[in-house]
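> all I have is the shape, not the residue letters:
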């Protein structure tokens with residue numbers, strides 16, 4: 001029994017290595033596996049394929065690897081914090097905050113003509129505005145969490161922040177031009193294919209810190225998962241754990257959303273897949289398994305967005321929703337038979 005989790009973790013790791021190489025090989029022009037491996041090992045030379053691998057496909061694959069792990073672990077933390085199997089990172093309104101930031105940056109000049117111009121819209125501006133929007137929501141949620149003892153109240157505030165954000169975005173969209181609407185919609189579709197090395201140099205350390213902090217939380221998350229009364233009885237500081245989980249989740253999702261746009265269903269579906277696969281509720285196993293499974297799933301989704309021989313790339317949200325929605329439906333149906341959806 002004890003060998004099962006270790007074996008599954010090894011298989012997931014091998015799956016990540018395989019899909020990572022496939023993700024680099026797969027695209028409008030297929031690249032042989034030998035060339036990919038030679039380039040990754042530093043022996044690719046000056047060939048065109050080596051340039052494509054190092055400057056386009058490798059950053060994209062690394063983004064999928066890190067973003068998948070981050071979004072999945074953030075979803076697990078939210079499900080544990082709220083003890084709700086349908087909780088997701090968007091439940092705190094962090095994605096909505098990032099969306100408002102991007103919407104204001106790309107579309108606000110339509111309401112205030114002197115504020116900006118379409119020529120000023122660029123990828124770094126979108127990233128910065130998304131980070132500011134996510135951080136604003138983080139500060140709001142943190143302030144609410146420090147004043148309220150009831151975690152459900154914090155959940156309700158997060159949902160209301162999402163509604164407020166949607167209203168602001170809708171108003172800006174109504175008055176915006178076709179060009180600015182397209183800029184915002186392209187970001188909202190979600191994509192891992194536009195990340196550059198310069199952007200990765202900022203994203204990787206921030207998300208890496210969040211993932212490392214998550215690995216330090218299994219004991220507290222196990223206690224919280226058994227109920228607040230039990231957690232207090234074993235000496236867990238409930239308020240500190242709540243703040244820590246909200247901070248870590250916001251740090252990870254805010255940064256990833258800024259660079260990739262919102263990616264749906266991954267944070268909700270992956271933790272359920274991991275619980276079913278590993279047959280455990282122990283976060284000492286769930287946390288690393290969720291990180292690995294999230295990376296593997298997003299790499300697979302990125303592969304599925306691309307069609308060899310064609311230039312178009314499907315929005316990654318279309319694929320994650322296609323794979324994630326059935327998992328969530330099965331969870332709801334299974335839980336309804338046991339009356340455990342909101343236990």
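Now that the structure is in, tell me what you want to look at. These numbers were taken from a predicted model, which means no experiment stands behind them.
> now do the SS call for residue 86.
coil (DSSP: H, G, I helix; E, B strand; the rest coil).
> neighbours of it, how many?
16 (other C-beta atoms under 10 Å). Using the backbone N, CA and C atoms, a C-beta is placed for each residue, glycine as well.
> next up, phi/psi of it, please.
Here is the backbone geometry of residue 86 (degrees, to the nearest 10): phi -100, psi 10.
> correct me if wrong: it contacts residue 267.
No - Residue 86 lies out of contact with residue 267 (C-beta atoms under 8 Å); the separation is 10.9 Å.
> which residues touch the most centrally placed residue in the chain?
Geometric centre of the chain, nearest residue: residue 71, 2.8 Å, by C-alpha atoms, centre = their mean. Contacts here follow C-beta atoms under 8 Å, 6 or more residues apart in numbering; on that basis residue 71 touches 89, 252-253, 256, 263, 266-267, 270, 294, 298.
> ok, so of these, who is nearest residue 203?
The closest of these to residue 203 turns out to be residue 256 (C-beta to C-beta; 7.3 Å).
> what is the subsequent helix or strand relative to the particular helix or strand that has that closest one in it?
Under the criterion of DSSP states H and E, residue 256 resides in helix 238-260. Sequence order places helix 266-278 as the next helix or strand after helix 238-260, per DSSP H and E.
> now for that next one, which elements pack on it?
Other helices and strands packing on helix 266-278, by 3 or more C-beta pairs under 8 Å, 6 or more residues apart in numbering; DSSP states H and E, are helix 3-25, helix 58-82, helix 283-304, helix 316-338.
> and the first one, what does it pack against?
This means helix 3-25. helix 33-40, helix 58-82, helix 266-278, helix 283-304.
> tell me the most buried of the ones you listed?
Most buried of the helices and strands packed on helix 3-25 by mean neighbour count (mean count of other C-beta atoms under 10 Å) is helix 58-82; its value is a mean of 27.
> kindly calculate the angle that it makes with helix 33-40.
Helix 58-82 and helix 33-40 are oriented at 80 degrees to each other (axes from the mean of the first three to the mean of the last three C-alpha atoms, to 10 degrees).
> could you identify the helix or strand that succeeds helix 58-82?
Per DSSP H and E, the first helix or strand lying C-terminal to helix 58-82 is helix 94-107.
> quick check: mean pLDDT of that following helix?
The average pLDDT within helix 94-107 is 84.
> now stretch 167-177
Here the average pLDDT along stretch 167-177 is 85.
> kindly report the same for stretch 240-248.
Mean predicted lDDT for stretch 240-248 stands at 87.
> how about that stretch: buried residues?
Under the neighbour-count criterion of 16 or more other C-beta atoms under 10 Å, stretch 240-248 has 241-242, 244-248 buried.
> which residues are contacting it?
Stretch 240-248 is contacted from outside by 74, 77-78, 80-81, 92, 138, 141-142, 145-146, 151, 154, 210, 213-214, 217, 220-221, 223-224, 231, using C-beta under 8 Å, 6+ apart.
> residue ranges in the stretch 151-300 of the chain under the pLDDT threshold?
Residue ranges of the stretch 151-300 of the chain with pLDDT under 70: none are present.
> try the stretch 1-150 of the chain
Filtered on pLDDT under 70, the stretch 1-150 of the chain yields the residue ranges 1, 43-46, 108-123, 149.
> ok, now how distant is residue 14 from residue 292?
According to C-beta to C-beta, to the nearest Å, residue 14 and residue 292 sit 10 Å apart.
> for residue 124, that is, sorry about that
Distance from residue 124 to residue 292, counting by C-beta to C-beta: 31 Å.
> how about the helix or strand hosting residue 158: buried residues?
Using DSSP H and E, residue 158 falls within helix 151-175. By neighbour count on 16+ other C-beta under 10 Å, the buried set for helix 151-175 is 151, 154-155, 157-158, 161-162, 165, 168-169, 172.
> can you list the residues that contact that helix?
Residues outside helix 151-175 that contact it (C-beta under 8 Å, 6+ apart) are 81-82, 84, 87, 90-93, 96-97, 99-100, 103-104, 107-108, 110-111, 137, 140-141, 144-145, 148, 181, 184, 242, 246.
> report the inter-axis angle for that helix versus helix 94-107.
Going by the same axes, to 10 degrees, helix 151-175 makes 20 degrees with helix 94-107.
> now the element after helix 151-175, going C-ward?
Immediately after helix 151-175, counting by DSSP H and E, sits helix 178-189.
> what's in contact with stretch 298-308?
16, 19-20, 22-23, 26-30, 60-61, 64-65, 67-68, 71, 192-193, 263, 266, 313-316, 318-320, 323.
> my bad, should have said stretch 30-48
21, 24-25, 49-50, 52-54, 57-58, 308.
> are any of the residues you listed buried, and which?
Buried among the contacts of stretch 30-48 (16+ other C-beta under 10 Å): 21, 24-25, 49-50, 52-53, 57-58.
> hmm, back to that, out of the buried residues of helix 151-175, which two sit at the greatest distance?
151 and 172 (31.8 Å).
> residue 234 touches residue 222, doesn't it?
No - judged on C-beta under 8 Å, residue 234 makes no contact with residue 222 at a distance of 9.5 Å.
> so for the two, which sits in the more crowded spot?
A side-by-side neighbour count of residue 234 and residue 222, using other C-beta under 10 Å, places residue 222 first with 19 against 11.
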